[in-house]
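**Student:** Based on what follows, work out the 3D shape:
(one chain, ligands or ions: 1)
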Amino acid sequence: MLAVRDDRWFVKCNECPVRMDVAPARMPKEHIRMPSGWIDLGDRAHVCPQCAPRWTETLRGRPGLATRIRPRD
Ligand SMILES: [Zn+2]
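**Tutor:** Okay, here's the model as predicted:
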């Protein structure tokens, strides 16, 4: 998931405790880019590069499930 903490945007893995600082909190959410290797599963769920391989098979069977970050109002 994507969340603000201590004036920074963090992306947190849905499957393990890994999280990564991705941007300053003042950055509009729609401008945030996923760090390389991370997958946006949609519905505010993300997985880290370590967990991503377990998802590739699932995503192959469900095209469109993985999406880029987009504004969500
Ligand atoms: Zn992970």
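
**Student:** residues contacting the residue nearest to the spatial centre of the chain?
**Tutor:** Nearest residue to the geometric centre of the chain (C-alpha atoms, centre = their mean): residue 46, 3.7 Å. By C-beta atoms under 8 Å, 6 or more residues apart in numbering, the contact set of residue 46 is 1-2, 11-14, 34, 38-40. All C-beta atoms are positioned from the backbone trio N, CA, C, and that covers glycine.

**Student:** Over to residue 2?
**Tutor:** So residue 2 contacts 9-12, 22, 29, 32, 44, 46, 69 (C-beta under 8 Å, 6+ apart).

**Student:** returning to what we had before: is the one helix or strand the residue nearest to the centre of the chain maps to in proximity to the ion?
**Tutor:** Residue 46 is part of strand 45-47 when elements are defined by DSSP states H and E. No. Using C-beta under 5 Å from the ion, we find that strand 45-47 stays clear of the ion, coming within 5.5 Å at best.

**Student:** And the ion, is the next helix or strand along the chain from that strand touching that?
**Tutor:** The helix or strand immediately downstream of strand 45-47 is helix 52-61, counting by DSSP H and E. No. Applying C-beta under 5 Å from the ion, one finds helix 52-61 separated from the ion by no less than 7.8 Å.

**Student:** before we move on, what about stretch 10-29?
**Tutor:** Yes. Remark: stretch 10-29 sits within contact range of the ion at 13, 15-16, 18, by C-beta under 5 Å from the ion.

**Student:** Give the buried subset of the contacts of residue 46 as a ChimeraX selection command.
**Tutor:** ChimeraX command restricting the contacts of residue 46 to the buried ones, with burial defined by 16 or more other C-beta atoms under 10 Å:
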select :2,11,12,13,14,38,39,40
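
**Student:** so of the contacts of residue 46, which ones are in strands?
**Tutor:** 2, 11-12, 39-40 (DSSP state E).

**Student:** picking that back up, the ion: which of the contacts of residue 46 is nearest?
**Tutor:** residue 13 (3.2 Å; C-beta to the ion).

**Student:** returning to that earlier point: which one of the residues of stretch 10-29 next to the ion sits in the busiest neighbourhood?
**Tutor:** Most neighbours among these, by other C-beta atoms under 10 Å: residue 13, with 20 neighbours.
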